[in-house]
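>>> Please find the sequence and the predicted model below.
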Amino acid sequence: MLEKIKVKPISETLQYILAHQSSVVRFGDGEIDLINGTSIPYQRYDRELAKRLKDILLLPSSEKLLVCLPDVFEHLERYNSNARLFWESHFKKYQTFYQVVCHSAWYGSTFLSRPYIDLQDKSQ
């Protein structure tokens, strides 16, 4: 079900940003935790912050603002075993959240800020 969430690869995300001079909002696992009521090591849960983050996540990407999610909804096999285990656990916890909230036609990739850290093949 989560494979319906389409995240552009890093290269396409970067091309889009350059072509449109877009601002970027990056939703990683920590931001998803915050939206769902869980504090993270460097940010205590705050109801107003969680609401504002969710409101932004609900926006479709545009030339002015690119909304980014992790590129992990398809082809987890390209990631190392630690990353795969992490994301499988994350999906068990937040599958319903993603299904309910993430309905944009596409998202940019949050991995633009950490391009190869979790990939098995770091040659590209």
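Received the coordinates, thanks.
>>> hey, let's count contacts and neighbours off CA atoms from now on
Fine.
>>> May I have the phi/psi pair for the residue nearest to residue 105 when sequence neighbours are not counted?
Using Cα to Cα, 6 or more residues apart in numbering and skipping the chain neighbours, the partner closest in space to residue 105 is residue 6 (6.9 Å). The phi and psi values for residue 6, taken as degrees, to the nearest 10, are phi -100, psi 120.
>>> Residue 6 - how many residues pack around it?
Here the number of neighbours of residue 6 (other Cα atoms under 10 Å) works out to 20.
>>> before we move on, what about residue 52?
Counted with other Cα under 10 Å, residues neighbouring residue 52 total 12.
>>> Assign a three-state SS to it, would you?
helix (DSSP: H, G, I helix; E, B strand; the rest coil).
>>> Let me know the pLDDT of it.
Reading off the confidence values, residue 52 has pLDDT 98.
>>> If you count neighbours, what's buried in the helix-or-strand element of the chain with minimal mean pLDDT?
Each helix and strand of the chain was given a mean pLDDT (mean pLDDT, DSSP states H and E); the minimum falls on helix 81-101 at a mean of 93. Residues of helix 81-101 classed as buried: 83-84, 87-88, 91 (neighbour count, 16 or more other Cα atoms under 10 Å).
>>> counting contacts, what elements does the helix or strand that that helix is followed by pack onto?
Next helix or strand after helix 81-101 toward the C-terminus (DSSP states H and E): strand 108-109. Contact analysis of strand 108-109 by 3 or more Cα pairs under 8 Å, 6 or more residues apart in numbering; DSSP states H and E lists helix 10-20, strand 65-69 as its packing neighbours.
>>> Please repeat the previous calculation with a cut-off of 10 Å.
If you count contacts as 3 or more Cα pairs under 10 Å, 6 or more residues apart in numbering; DSSP states H and E, strand 108-109 packs onto helix 10-20, strand 23-26, strand 65-69.
>>> Most tightly packed of the ones you listed?
Mean neighbours per residue, mean count of other Cα atoms under 10 Å, is largest over the helices and strands packed on strand 108-109 for strand 65-69, with a mean of 23.
>>> Okay, angle between that one and helix 10-20 too, please.
170 degrees (axes from the mean of the first three to the mean of the last three Cα atoms, to 10 degrees).
>>> where does strand 65-69 sit relative to the chain's centre, distance-wise?
Per Cα atoms, centre = their mean, to the nearest Å, the displacement of strand 65-69 from the mean C-alpha position of its chain is 8 Å.
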